[in-house]
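Visitor: turn this into a model:
(one chain, ligands or ions: 2)
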Amino acid sequence: MQEKYIDETKQGEAFAIAEKPTNSKKLFLESYGCQMNFSDSEIVASILNEQGYNTTQIVEEADLILLNTCSIREKAEQTVRMRLSQFKNLKKDKPNLTVGVLGCMAERLKTKFLEEEQLVDLVVGPDAYRDLPNLLKETDDGRDAINVILSKEETYADINPVRLGGNGVTAFVTITRGCDNMCTFCVVPFTRGRERSRDPHSIIEECKDLWNNGYKEITLLGQNVDSYLWYGGGPKKDFAKASEMQKLTAVNFAQLLDMVAVAIPKMRIRFSTNNPHEMTEEVFRMIAKHDNICKYVHLPVQSGSDRILQLMNRQHNRQEYLDLIKKGKEIVPEISFSQDMIIGFCTETEEDHQQTMSLMREVEYDYGYMFSYSERPGTPAHKKMEDDISAEVKQRRLAEVIALQGELSRKRMQGYVGRTHEVLIEGTSRKNENQWKGRNSQNAVCVFDKLEGQKLGDIVSVFVHGNTQGTLLGETV
Ligand code: SAH
Ligand code: F3S
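Guide: Numbering: from 1, shown residues only. Ligands and ions are numbered 1, 2, ... in the order given. Next comes the predicted model:
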């Protein structure tokens, strides 16, 4: 099974960037959490590369350590705190070492970090990365530095990300930032601010640039790609105030997909994350219209119970969600779906839990990302509701949901057997160096023997003859 989120108990990933004129300082940059954080780290790397920083993957060598952090669940924050504590000794040996916290934890905890954690010198929220050069001047002078101002406009549209740690074949392209929904359990609206969309022309330029540099697949990223709306600037919330001309020339997500698919006709296009209450039929029609748009939609639902969905302040109910899935399957018969599910939200009963299980059976998801509810300080659920489901019950229900998703995944993978799939070669299989790994349009991972003349980035036809729970086994034809 693929990991959309880095396992919260695992260490983050550190990257190296290409060398540029050096200021003789070395940067160690590690990312935690969602794809958006990894994409943001590429922007941070670009900004610091301009300042002459060289990167290192050896933490002991670093003059500047930056952790790009995640707040989505308590465990994610604990992992970062543990990582930070490992730097204590380094700091003793190297008094000039600067340690910075970026991203959602920086935004959530702000100055608390500087007070609580004696070893943090620098705190920078997701909309303040352009200020890094100035903030680093302050830390160089021995002062703590912080910028956690959220912006209504910042999209980093003009910054050309330094591609980090990738395979040179697939890349992320951010199209929206922030979230205006207020799901009661979620910390994202507080850590990432208002929703805003990036200029479509800068998106297309970035995608073309990636194609010219050998990339074969892009994933358009946003907390809610369906709420993408470009009308010449400003947050989506202010669209009503836009001029008639701006309204006439506005670009929505389906139109953006169309533009990107036409502009780079051989680039494979994926996107994440969709939101059931804003996703339109038009998006499915674009998937059907363009061969280069992958037939896969990640459509978080969180629960199968209307009562719980309402407490979560989700703007869709069970039936509306199922209707959307049905529409998708009608318009794109080969489509696959994956879900996000929160297990054990406040007041969840056995009956609610069964509703979640029955919804999963009805949709037949290819994959799922399932987590126990983790109460986040400051969110509406924390303020107004009680986290009243015991850890044992959460754990047991979670295990049931994971087991069910395992069954569904296996069944879906079996459905791909006996057919030929177009697979993009993304790398060597982890288990066998004589095999490639890649994904089909539906995002299913496929492994197959390497043949003479094949290389990374090729799209090959693979006949699938078997499967495991999460992987297709095949051979090139
Ligand atoms: N719009 C983004 C949401 C980011 S949060 C997206 O859909 O990717 C990603 C997932 O984390 C959510 O869909 C939800 O399933 C889960 N999540 C968010 N807050 C949570 C919490 N407090 N406890 C457990 N899981 C949570
Ligand atoms: Fe969070 Fe809901 Fe937005 S899950 S990111 S508040 S759509």
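Visitor: can I assume residue 421 sits in a strand?
Guide: Yes. Per DSSP: H, G, I helix; E, B strand; the rest coil, residue 421 lies within a strand segment.
Visitor: residue contacts, it?
Guide: Contact analysis of residue 421 by CB atoms under 8 Å, 6 or more residues apart in numbering lists 440-441, 444, 446, 461-462, 464, 472, 474. The C-beta positions use only the backbone N, C-alpha and C, and glycine is treated the same way.
Visitor: only the buried subset of those, as a PyMOL command please.
Guide: Remark: buried members of the contacts of residue 421, expressed as a PyMOL selection using 16 or more other CB atoms under 10 Å:
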select buried, resi 440+441+444+446+462+464+472+474
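Visitor: any regions of the stretch 101-250 of the chain where pLDDT drops low?
Guide: Where the stretch 101-250 of the chain drops to pLDDT under 70, the residues are 233.
Visitor: returning to that earlier point: quick check, nearest of the contacts of residue 421 to residue 366?
Guide: residue 444 (6.6 Å; CB to CB).
Visitor: tell me the spacing between that closest one and residue 44.
Guide: 32 Å (CB to CB, to the nearest Å).
Visitor: residue 131 too?
Guide: 11 Å.
Visitor: between these two, which one's more packed in?
Guide: Set side by side, residue 131 and residue 44 show more neighbours around residue 44, with 27 against 16, by other CB atoms under 10 Å.
Visitor: tally of neighbours for residue 327?
Guide: Using other CB under 10 Å, residue 327 is surrounded by 15 other residues.
Visitor: can you verify my assumption that it contacts residue 283?
Guide: No. Residue 327 lies out of contact with residue 283 (CB atoms under 8 Å); the separation is 10.1 Å.
Visitor: now do the shared contacts for those two.
Guide: Overlap between the contact sets of residue 327 and residue 283, as judged by CB under 8 Å, 6+ apart, is nil.
Visitor: who in the chain is up against ligand 2?
Guide: 179, 181, 183, 186, 188-189, 223-224, 275 (CB under 6 Å from any ligand atom).
Visitor: using TSV, please lay out those residues together with secondary structure, distance to residue 376 and neighbour count.
Guide: Formatted as TSV, the residues of the chain next to ligand 2 follow (DSSP: H, G, I helix; E, B strand; the rest coil; distance: CB to CB, whole Å; neighbours: other CB atoms under 10 Å):
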residue	secondary structure	distance to residue 376	neighbour count
179	coil	14	21
181	coil	15	17
183	coil	11	21
186	coil	7	22
188	helix	10	21
189	helix	11	18
223	coil	15	21
224	coil	18	22
275	coil	19	20
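Visitor: for these, which two are the farthest from each other?
Guide: Going by CB to CB, the pair spanning those furthest: 189 and 275, at 12.9 Å.
Visitor: would you list the residues of the chain next to ligand 2 in a markdown table and tack on distance to residue 428?
Guide: Formatted as a markdown table, the residues of the chain next to ligand 2 follow (distance: CB to CB, whole Å):
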| residue | distance to residue 428 |
| --- | --- |
| 179 | 36 |
| 181 | 40 |
| 183 | 39 |
| 186 | 37 |
| 188 | 35 |
| 189 | 40 |
| 223 | 32 |
| 224 | 35 |
| 275 | 35 |
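Visitor: show me the subset of those that also lies near ligand 1.
Guide: Answer for those near ligand 1 (CB under 6 Å from any ligand atom): 186, 188, 223-224.
Visitor: between these, which sits nearest residue 397?
Guide: Using CB to CB, those come closest to residue 397 at residue 186, 19.9 Å.
Visitor: now do the SS call for residue 371.
Guide: strand.
Visitor: that older thread, find residues that contact each of residue 189 and residue 275.
Guide: Contacts common to residue 189 and residue 275, judged by CB under 8 Å, 6+ apart, are residue 181.
Visitor: which stretches of the stretch 151-300 of the chain form strands?
Guide: All strands of the stretch 151-300 of the chain, identified by DSSP state E, counting those that start in this stretch, fall at 170-174, 176-177, 196-197, 217-221, 229-230, 251-252, 268-272, 296-298.
Visitor: what's the most buried one of those strands?
Guide: Greatest average neighbour count among those goes to strand 196-197 (a mean of 28), per mean count of other CB atoms under 10 Å.
Visitor: which strands and helices sit next to it?
Guide: strand 176-177 (3 or more CB pairs under 8 Å, 6 or more residues apart in numbering; DSSP states H and E).
Visitor: do the strand it packs on and ligand 1 meet?
Guide: No. Judged by CB under 6 Å from any ligand atom, strand 176-177 stays clear of ligand 1, getting no closer than 10.1 Å.
Visitor: next one: stretch 338-349
Guide: Yes. Contact of stretch 338-349 with ligand 1 (CB under 6 Å from any ligand atom) involves 340, 342.
Visitor: how much space between the residue lying farthest from the centre of the chain and residue 235?
Guide: Ranked by distance from the centre of the chain (CA atoms, centre = their mean), the top residue is residue 93, with 35.9 Å. Residue 93 is 46 Å from residue 235, where distance means CB to CB.
Visitor: what does this structure have sitting close to ligand 1?
Guide: The chain has residues 72-73, 185-186, 188, 223-224, 273, 300, 302, 340, 342, 371, 373-374, 376 near ligand 1, with proximity defined as CB under 6 Å from any ligand atom.
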